[in-house]
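Student: No sequence on hand, only this structure:
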């Protein structure tokens, strides 16, 4: 059964319910997912319980597992924190800014052999902006370039993944790393399982 109207979200709960509705079938419309993510206006009262910060690195905090079809998470970025340049393991990635701003730098994939990455695009994302990336677009780095303000972002990964490739900007060398969660459903996970190699 096809939906004739675009789902809209008034709350984070609406986003989660809408995603479950969209992913109930086998076919997913990327534009419909983007519209749902864009329709949500950030309300810290709804997401603060998931926002777990770390003094030294950004954190990945699981909000919903989406019956194995997606992961919805909140990433918390302290002042000056950033990711490595990384791919998305053939997944779709939506990123929405909930607080502050983040700089996204998209790079072209390196060619065969070791080769320096070239920048494709650089954008400063503001609160409530939403963006999309997948491996056919390129690889990216996300950074909180502020040294005085934290940032919080909502990420949707379709399908979920537990490892990705980090790519060295100068050499193009890829390294497969495991990604983990700092917290699940608002509760911190044990430290041994909560450290991601990707953001070291």
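Tutor: That came through, no problem. Everything numeric here is computed off the predicted structure, so don't read it as measured data.
Student: wait, what's in contact with the closest residue to residue 30 other than its chain neighbours?
Tutor: With sequence-adjacent residues excluded and distances taken as Cβ to Cβ, 6 or more residues apart in numbering, residue 30 is closest to residue 92, at 6.4 Å. Using the backbone N, CA and C atoms, a C-beta is placed for each residue, glycine as well. Neighbouring residues of residue 92 by Cβ atoms under 8 Å, 6 or more residues apart in numbering: 30, 33, 132, 134, 156, 157, 158.
Student: In contact with the residue nearest to the spatial centre of the chain, which residues?
Tutor: Nearest to the geometric centre of the chain sits residue 155, at 3.4 Å (Cα atoms, centre = their mean). Contact analysis of residue 155 by Cβ under 8 Å, 6+ apart lists 60, 71, 72, 73, 74, 75, 93, 94, 95, 96.
Student: now, among the residues you listed, which is nearest to residue 167?
Tutor: Nearest to residue 167 among those: residue 93, at 15.3 Å, using Cβ to Cβ.
Student: and that closest one, how far is that from residue 10?
Tutor: To residue 10, residue 93 is 24 Å away according to Cβ to Cβ, to the nearest Å.
Student: Pick out whichever of the two has more residues nearby.
Tutor: Ranked by neighbour count (other Cβ atoms under 10 Å), residue 93 and residue 10 place residue 93 first, with 19 against 11.
Student: Cheers, nothing more for now.
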